[in-house]
Structures are given as structure tokens and as C-alpha cells.
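Participant: turn this into a structure:
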Amino acid sequence: MRFHQDLESKRGTIPQIDGVIAPDIPALLTRYPKYNFTSIQVPEPALPRILQAGQGTLLFPMADSLPETPVVSRFVAKIALEAMALRLVEYTEGLSYICDEVQLDDLRNHARNGRINSWPIHIRTIYPPNGKIHGINGDLEQIVHEFDFLATDQSEWFFVMILFGVEFAINLGGPEIGGYLHWLEQNNGISPLYTEKHGGIVTMPR
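Facilitator: You can find the predicted model right below:
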């Protein structure tokens, strides 16, 4: 995703990705954002075949599967805590609440060291990674990320984030996602970020 979206690290680099020059020549793609340039590295023994062909097809993955490890849920837990801090920073004792609230102990510990091996999160694609909406000036603008908190009628709190069109939902109170699935069932599968509270599904990027 970082490769396709030109997302640089703090050092100004973008991860490389592996591809194939059809039918079977391995290729390594590298972006150089400073120069707006992409290089394709191939094995030297394959050069005669490429030159002889004259033209060819380069295949590379548009997306990779998420790792089946706690790293993803820890990532979402960390963002959830930072989003809470962002919401509460202007309120007296707001940040102290995030640091000291006992009900957030498991979430904090999971974000820090992953003590809970299995913390289920709900992941689904809501709109294309390049989804755009009309901005204030009427120009089309890509939505990179958005988030909000969902409180259900079962007194459960969920953090819901959409990152390049992919929705992530995590229970703030513990490793349980059933309450979110129940909410989705009750609300025809709509994302909590596109309920009438947020302008409805018509505001979803296309």
C-alpha cells in the first residue's frame, strides 16, 4: 500500500515490492520519490530474453494480505489510544483518564507488548483505496484516513478507523468483537463512519 500510494518514511524512502515480467522473470520495483522515478531490477541472465522480446507485461501485487500475528491488532490499539488522547487533550484530566483508567489496562498493555495473543479486530474494505470526495473548494480529494468511536446499546465502545478504504474496528474494553458484528447486523452492514450522524452513505468516497 505504501508503494502504490507513494507514502514515504521519515527518511524519505518507500518500501520496494516484488513483481514479475511475464511469464516468469522476477523483478524488483523501487520508487525514488525525490526524482519521481521508478526503477525495475531484474536478474542479469534475464536481460537477453527481455531485450529479445522487445516488449512485455509487468505484473506486481496491488495489495498484500495482512500478517496473521498480533501486530495488526496492536497497531489498531495504539491508534485507538492516540485517537482518544486527541479527543480528550483539551479537557481537564483527559489524558490522565487514558493513562489511569483500569478498563483500558488491557488495551494499553496489548498496544505496548501484545500480552494478549489473540485480540480479534474486524477488517473489511469499504471503498477503493483511491476513493475521493468533493472538498470544500469543489475539487476531488482523496480520503487517506478517518475515524470515530462507536458506543453500542450494550455499553460497548469500539474504535473504528478507515485507512485507504479499509475499515478496522476494535473493542476498547477487551478482546471481543461479537458486539460489533451484532451492531453491523442491526444496521444493515453500514460503516459507523457513514451513518446519518456523519451524513449518510451518500458521503462515502467513490
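
Participant: now do the contacts for residue 124.
Facilitator: By Cβ atoms under 8 Å, 6 or more residues apart in numbering, residue 124 lies in contact with 166-167. Bear in mind the C-beta positions are built from the backbone N, C-alpha and C, glycine included.

Participant: quickly list the domain ranges of this protein.
Facilitator: Per the record, the chain has its domains at 1-64, 71-203, by automatic domain parsing.

Participant: now mean pLDDT too, for those, in CSV please.
Facilitator: Formatted as CSV, the domains of the chain follow (pLDDT from 0 to 100):
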stretch, mean pLDDT
domain 1-64, 89
domain 71-203, 92
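
Participant: any idea which of the ones you listed is most buried?
Facilitator: Using mean count of other Cβ atoms under 10 Å, the stretch among the domains of the chain with the largest mean neighbour count is domain 71-203, at a mean of 15.

Participant: just the endpoints, please. Distance across it?
Facilitator: One end of domain 71-203 to the other measures 31 Å (Cα to Cα, to the nearest Å).

Participant: equivalent analysis for stretch 170-186, please.
Facilitator: Using Cα to Cα, the end-to-end distance of stretch 170-186 comes out at 18 Å.

Participant: what's in contact with it?
Facilitator: With contacts defined as Cβ under 8 Å, 6+ apart, stretch 170-186 is touched by 73, 76-77, 80, 103-104, 106-107, 110, 116, 118-122, 149-150, 152, 154, 156-159, 169, 190, 192.

Participant: ok, stretch 37-48 next?
Facilitator: So stretch 37-48 is contacted by 19, 21, 25-32, 50, 58 (Cβ under 8 Å, 6+ apart).

Participant: mind doing that once more with 6 Å?
Facilitator: Outside stretch 37-48, the residues that touch it by Cβ atoms under 6 Å, 6 or more residues apart in numbering are 25, 27-31.
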